[in-house]
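fold the following, please.
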Amino acid sequence: MQRRNFLQTIAATPALIPSLSNHNKPTLKPARLKAGDTVGLVCPAAPAYSKQTVQVIVESMQALGFKVKFGKRMWERYGYLAGKDADRAADLNDMFADSSVQAIICVHGGWGCARLLPLLDYDTIKQNPKVLLGYSDVTALLLGIYSQTGLVTFHGPVGAVSWIEFTVGYLRKILMEGEAVRYENPKVVGDNLTQVADRIDTIVAGKAKGRLLGGNLTVLSHLLGSPYVPDWKGSLFFCEDVDEAPYRVDRMLTQLKLSGILNDMNGFIFGKCTECEPGNGSYGSLTLEDLWLDHIQPAQKPAFAGAMIGHIRQKFTIPVGIEAEIDASTGIIQLLEKAVV
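Here you go, the predicted model:
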């Protein structure tokens with residue numbers, strides 16, 4: 001394409017040109033959800049493999065009092081993706097533009113959300129703020145949309161999860177009841193003399209305030225250097241991951257350090273790193289605890305690991321872009337404002 005024609009094409013599509021500034025936009029909050037609202041289901045990454053899985057999602061949403069609307073292209077498939085990039089992006093753009101839809105829930109993670117970021121209509125999204133919910137690969141959408149529009153997005157369950165009491169409880173509080181939520185790990189001792197599961201590991205004691213920003217460690221580390229990440233300065237940085245060997249976690253934390261994020265943040269929250277322990281043949285491997293000491297502790301910012309964030313059954317719904325305070329000694333996260341209006 002000739003340079004002049006290329007520039008004319010770009011000029012004709014201003015909504016698709018991302019802001020190159022990583023300065024955070026003014027905060028834009030979606031409306032609180034209520035019974036009778038419609039939830040849009042989309043597959044921005046992996047396809048919907050099972051109709052039964054989708055039916056369970058529909059019934060779960062109905063149990064919460066919501067109606068459900070499918071993306072027009074939700075059942076398409078292109079290899080490991082739920083259709084071509086343009087089609088998946090169109091479903092997401094359509095859901096934001098649809099005034100009958102109050103929230104958008106991603107069916108799966110997988111891979112593919114980052115491919116949609118240049119194709120989203122950020123003007124339409126900004127003019128139609130609504131709840132966007134998901135985690136894992138959906139991190140790309142959560143951070144990309146927040147950084148481009150200021151819209152608060154939600155790191156929480158995708159449709160294809162276990163909609164159990166703990167997970168639903170936090171989702172109700174933050175999205176339906178509009179609470180400034182206090183997040184705290186479950187305290188279950190059972191037959192043990194002390195709590196064994198879901199313990200908090202304090203890396204650096206203390207309290208810190210800042211804007212909650214983060215998501216899946218692998219996904220967000222691959223977005224660094226793009227216009228689809230926020231300004232991390234003064235943030236409470238949170239992350240989680242799954243099935244990553246310690247050396248890969250080490251690599252990503254090193255990238256965060258070299259990018260200045262670990263120095264810019266006010267505090268650090270690591271959720272769960274499921275199946276991230278040294279495996280067979282890993283003689284001499286570092287542990288996650290070693291990595292906290294190597295990378296996080298030297299910054300001397302309040303930091304802890306073990307929050308209920310990640311690829312786990314019981315999970316928090318964390319608003320991306322909302323002010324909060326953490327107590328790294330107890331592992332408590334307290335929102336300082338509501339995430340919805």
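
can you list phi and psi of the spatially most central residue of the chain for me?
Residue closest to the mean C-alpha point of the chain, counted by Cα atoms, centre = their mean, is His155 at 3.4 Å. Phi and psi for His155, reported as degrees, to the nearest 10, are phi -90, psi 100.

beta-bridge partners for it, please?
Going by DSSP bridges, His155 is paired in beta bridges with Gly134, Ile318.

got the contact list for it?
By Cβ atoms under 8 Å, 6 or more residues apart in numbering, the residues touching His155 are 134-135, 139, 142, 214-215, 238, 309, 317-320. C-beta coordinates here come from the backbone N, C-alpha and C atoms, glycine included.

how about Ala339?
Listed by Cβ under 8 Å, 6+ apart, the contact set of Ala339 reads 29, 152, 154, 174-175, 178, 319, 322.

can you list the domains in the protein?
Following automatic domain parsing, one finds the domains of the chain at 11-176, 182-335.

ok, which of the ones you listed comes nearest Val341?
Val341 lies closest, by Cβ to Cβ, to one member of these: domain 11-176, at 4.8 Å.

Gln62 sits in which helix or strand?
Element membership of Gln62 [criterion: DSSP states H and E] is helix 51-63.

which element is encountered next along the chain beyond that helix?
Per DSSP H and E, helix 51-63 leads on to strand 67-70 as the next helix or strand towards the C-terminus.

so what strands line up beside that following strand?
Paired with strand 67-70 in the same sheet, following DSSP bridges, are strand 38-42 (parallel).

and the angle from the strand it pairs with to helix 51-63?
Regarding strand 38-42 and helix 51-63, their directions subtend 160 degrees when assessed with axes from the mean of the first three to the mean of the last three Cα atoms, to 10 degrees.

strand 38-42 - what's its average pLDDT?
Per-residue pLDDT over strand 38-42 has a mean of 98.

any weak-confidence spans in this structure?
1-22, 280-283 (pLDDT under 70).

please enumerate the strands of it.
38-42, 67-70, 103-106, 131-134, 153-155, 182-183, 201-204, 207-216, 235-242, 267-274, 303-305, 318-320, 323-327, 332-335 (DSSP state E).

okay, those in JSON lines with distance to Ser226 next?
Output for those, formatted as JSON lines (distance: least, Cβ to Cβ, whole Å):
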{"stretch": "strand 38-42", "distance to Ser226": "22"}
{"stretch": "strand 67-70", "distance to Ser226": "30"}
{"stretch": "strand 103-106", "distance to Ser226": "20"}
{"stretch": "strand 131-134", "distance to Ser226": "19"}
{"stretch": "strand 153-155", "distance to Ser226": "17"}
{"stretch": "strand 182-183", "distance to Ser226": "29"}
{"stretch": "strand 201-204", "distance to Ser226": "28"}
{"stretch": "strand 207-216", "distance to Ser226": "14"}
{"stretch": "strand 235-242", "distance to Ser226": "17"}
{"stretch": "strand 267-274", "distance to Ser226": "22"}
{"stretch": "strand 303-305", "distance to Ser226": "26"}
{"stretch": "strand 318-320", "distance to Ser226": "16"}
{"stretch": "strand 323-327", "distance to Ser226": "25"}
{"stretch": "strand 332-335", "distance to Ser226": "27"}
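
that older thread, how close does the residue nearest to the centre of the chain sit to Asp123?
As defined by Cβ to Cβ, to the nearest Å, His155 lies at a distance of 24 Å from Asp123.

got it, and Leu336?
From Leu336 over to Asp123 (counting by Cβ to Cβ), the distance is 30 Å.

so Thr53 touches Ala160, yeah?
Yes - Thr53 is in contact with Ala160 according to Cβ atoms under 8 Å; the separation is 5.3 Å.

tell me, what's touching these two both at once?
The contact lists of Thr53 and Ala160 share Val107, where a contact means Cβ under 8 Å, 6+ apart.

more neighbours: these two, which one.
Remark: of Thr53 and Ala160, Ala160 carries more neighbours, 21 against 14, as counted by other Cβ atoms under 10 Å.

tell me the contacts of the more buried one?
Residues near Ala160 by Cβ under 8 Å, 6+ apart: 53, 56-57, 107-108.

are any of these buried, and which?
Members of these that pass the buried threshold by neighbour count (16 or more other Cβ atoms under 10 Å) are listed as 56-57, 107-108.

what's near enough to touch Asn266?
Asn266 is in contact with 208-210, 234-236, 301-302, counting by Cβ under 8 Å, 6+ apart.

just Gly284 next, same as before
For Gly284, no contacting residues are found, by Cβ under 8 Å, 6+ apart.

do you know how far it is from Leu293?
With distances defined as Cβ to Cβ, the gap from Gly284 to Leu293 amounts to 16 Å.

next one: Pro227
In this structure, Pro227 and Leu293 are separated by 33 Å, where distance is defined by Cβ to Cβ.

same drill for the two, tell me which one is more crowded.
Pro227 (16 against 13).

hmm, the more buried one is touching Pro118, no?
No - between Pro227 and Pro118 there is no contact under Cβ under 8 Å: 9.4 Å.

re earlier: which of the strands of the chain sits closest to Arg88?
For those, distance to Arg88 was read as Cβ to Cβ. The smallest value, 7.6 Å, belongs to strand 38-42.
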